[in-house]
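A.B. asks: how does the following fold in three dimensions:
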Amino acid sequence: MTIRLFDTLANEKVTLEPLAPGKVGLYACGPTVYDLAHLGHARCYVAWDVVVRHLRFRGFEVEYVRNFTDVDDKIIRRAAERGLDPLELSRHFADEFETDMKALGNVTPDAQPRVSENVPEILRLVQKLVESGHAYPAQGDVYFAVRSFAGYGKLSKRKLEDLKAGARVEPGEHKKDPLDFALWKAAKPGEIWWDSPWGKGRPGWHIECSAMSARCLGETFDIHAGGKDLVFPHHENEIAQSEAASGKPFAKYWMHNGFVTLDDEKMSKSLGNVANVRTLTEAYEPQALRLFLLSTHYRGPINFSESALQDAEKRVAYLYETLAKAEQRIALAAVSEEGEVLEEERLRALVPAIAEAMDDDFNSAEAIGRLSPYLAWLNELCERPPAGAKKEVVRRTVLRLRHGLAAALSILGIGTEHPQRFLESFRARLAARRHIDAARVEALIRERADARKAKDFSRADALRAELSAMGVEIMDGPDGTAWRVPA
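C.D. replies: As a prediction, this is how the structure comes out:
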């Protein structure tokens, strides 16, 4: 088993060779928590969630770290606007972020360090850089001297000469060189602050991740992940300050996810076109949003539209309807996994096919594509079993196929809920969205059952037509009449 990933630093696909055999340390740059999580956050953290899931599926012991930036200019401004303490505001939105990530089916990271809880570690790192000559204090601020680090630009493939042309010193900054960046910021009146050797102040943005990743994973770890927008300057600066302080490589591999656009327009808060996760998952099935995000390779751009999300809902409904049919057929009679099945080789190939797609740079889009024929096969076995096939053999094949799908779907974090409970919840969501009165539907179904019992078939047909006009589809079966709202 070989896992390949695209390493931004090497600028090519490489074989994953962890620092410690069988163990992977992964650090993902977390959100700045001053508002609800948006679609870009969903894209980023669903991607890294699947990376973690697949590595664990392949037997690696993964230490997954994702931080919270809870001290920042944006947080301070938003807190001032609302008359709140900055840490009170950031705690609130950190809790909201975790709620949204759970709704998307993401696993909880093993550690979620916060800037406010790691100031001593940040101060020690800044002090080390000052003492080594890589940083300098200036009127309460501390700046990293970019030209002191020979490897600056190696991640983003940028040259100092080109960077200098566009660099400038902002009002209030006291840099020696326009390229230098802040490690520590002197506190302005009314701002949150901590004591430091350079006076009251707070951490700069870049230094926090260097300090927190070192504390959680060590000075050198396996994978650093984040959005493509963080390659420069954030990740470039992390490398410079970390390697200047330790004299060791910072992260062995760098992974970056692509941008999200809304109907082909780059998602930007300044444009006011940011869809937040809470609004989307209240209106639409969260697993549909997850499926939509995973249907494009994590490194590529993805264009969001409501029609695309609605299509994903239909695919999720089909998935769970298929799984529900399988559960029903398996429950008809006890059957062992051992014994004759249909198409043994095809069954055996299911999980390896999905895992191999994920081994190739975590290609979730390819994995989902490879699942589709198996879902179609499961549907056929449940609805139209091969002529002449023994019932026990069909049921055993369904059982094996269902178990294989469960293993494959667990890597993607989709299809992991109880099928019938999911479908009932999904039906309620669709009914509410389309203003369908569930109680009225149940009453009409009971009335139709009474009409059929009385052999008043014209009335029964009229009631079916009324339900259909409401957007409700009914299915008669041996246990009565079920209903659904088509996605």
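A.B. asks: only C-alpha atoms for contact and neighbour calcs from this point on.
C.D. replies: Noted.
A.B. asks: model confidence for Gly166, exactly?
C.D. replies: pLDDT, Gly166: 53.
A.B. asks: which stretches of the stretch 251-400 of the chain have low pLDDT?
C.D. replies: Low-confidence segments of the stretch 251-400 of the chain, defined by pLDDT under 70: 266-274, 332-334.
A.B. asks: which stretches in it count as helices?
C.D. replies: 277-283, 286-294, 306-331, 344-359, 364-383, 391-412 (DSSP state H, counting those that start in this stretch).
A.B. asks: can you redo those helices as JSON lines with mean neighbour count and distance to Arg43?
C.D. replies: Formatted as JSON lines, these follow (neighbours: other Cα atoms under 10 Å; distance: least, Cα to Cα, whole Å):
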{"stretch": "helix 277-283", "mean neighbour count": "16", "distance to Arg43": "10"}
{"stretch": "helix 286-294", "mean neighbour count": "24", "distance to Arg43": "6"}
{"stretch": "helix 306-331", "mean neighbour count": "18", "distance to Arg43": "13"}
{"stretch": "helix 344-359", "mean neighbour count": "17", "distance to Arg43": "17"}
{"stretch": "helix 364-383", "mean neighbour count": "18", "distance to Arg43": "13"}
{"stretch": "helix 391-412", "mean neighbour count": "20", "distance to Arg43": "14"}
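A.B. asks: columns distance to Met101 on top of those helices, output as JSON lines?
C.D. replies: Listed next are the helices of the stretch 251-400 of the chain as JSON lines, based on distance: least, Cα to Cα, whole Å:
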{"stretch": "helix 277-283", "distance to Met101": "9"}
{"stretch": "helix 286-294", "distance to Met101": "10"}
{"stretch": "helix 306-331", "distance to Met101": "18"}
{"stretch": "helix 344-359", "distance to Met101": "22"}
{"stretch": "helix 364-383", "distance to Met101": "18"}
{"stretch": "helix 391-412", "distance to Met101": "15"}
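A.B. asks: nearest to Lys154, of these?
C.D. replies: The closest of the helices of the stretch 251-400 of the chain to Lys154 is helix 344-359. By Cα to Cα, the value is 26.5 Å.
A.B. asks: contacts made by the closest one with the rest, please.
C.D. replies: Residues from elsewhere that reach helix 344-359 (Cα atoms under 8 Å, 6 or more residues apart in numbering): 2-4, 54, 363-364, 366-368, 370-371, 374, 400-401, 404-405, 407-408.
A.B. asks: my guess is Phe457 meets Ala451, correct?
C.D. replies: Yes. Counting by Cα atoms under 8 Å, Ala451 is a contact partner of Phe457 at 6.6 Å.
A.B. asks: okay, these two: which has more neighbours?
C.D. replies: Ala451 (17 against 14; other Cα atoms under 10 Å).
A.B. asks: need the contact list for the more buried one.
C.D. replies: Going by Cα under 8 Å, 6+ apart, Ala451 touches 457, 459-460.
A.B. asks: for Thr416, same thing?
C.D. replies: Going by Cα under 8 Å, 6+ apart, Thr416 touches 406, 409-410.
A.B. asks: can you put these in TSV and add pLDDT?
C.D. replies: Below are those laid out as TSV (pLDDT from 0 to 100):
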residue	pLDDT
Ala406	96
Leu409	97
Ser410	97
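A.B. asks: closest one of the residues you listed to Leu155?
C.D. replies: The closest of those to Leu155 turns out to be Ser410 (Cα to Cα; 33.0 Å).
A.B. asks: for that closest one, give its distance to Lys74.
C.D. replies: Using Cα to Cα, to the nearest Å, Ser410 is found at 37 Å from Lys74.
A.B. asks: burial check on Arg91, number of neighbours?
C.D. replies: Arg91 is flanked by 16 other residues according to other Cα under 10 Å.
A.B. asks: mind checking which helix or strand it is in?
C.D. replies: Applying DSSP states H and E as the criterion places Arg91 in helix 86-103.
A.B. asks: distance from that helix to the middle of the chain?
C.D. replies: On the basis of Cα atoms, centre = their mean, to the nearest Å, helix 86-103 sits 16 Å off its chain's mean C-alpha point.
A.B. asks: what residues of it count as buried?
C.D. replies: Neighbour-count burial for helix 86-103 flags 86-87, 89-91, 93-94, 96-97, 100-101, 103 (criterion: 16 or more other Cα atoms under 10 Å).
A.B. asks: same question for stretch 418-434.
C.D. replies: Using 16+ other Cα under 10 Å as the test for burial, stretch 418-434 gives 419-420, 422-423, 426-431.
A.B. asks: kindly reformat those as CSV containing pLDDT, secondary structure and distance to Phe292.
C.D. replies: Converted to CSV, these look like this (pLDDT from 0 to 100; DSSP: H, G, I helix; E, B strand; the rest coil; distance: Cα to Cα, whole Å):
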residue, pLDDT, secondary structure, distance to Phe292
Pro419, 95, helix, 19
Gln420, 93, helix, 22
Phe422, 95, helix, 18
Leu423, 94, helix, 19
Phe426, 94, helix, 17
Arg427, 93, helix, 20
Ala428, 92, helix, 21
Arg429, 92, helix, 18
Leu430, 92, helix, 18
Ala431, 92, helix, 22
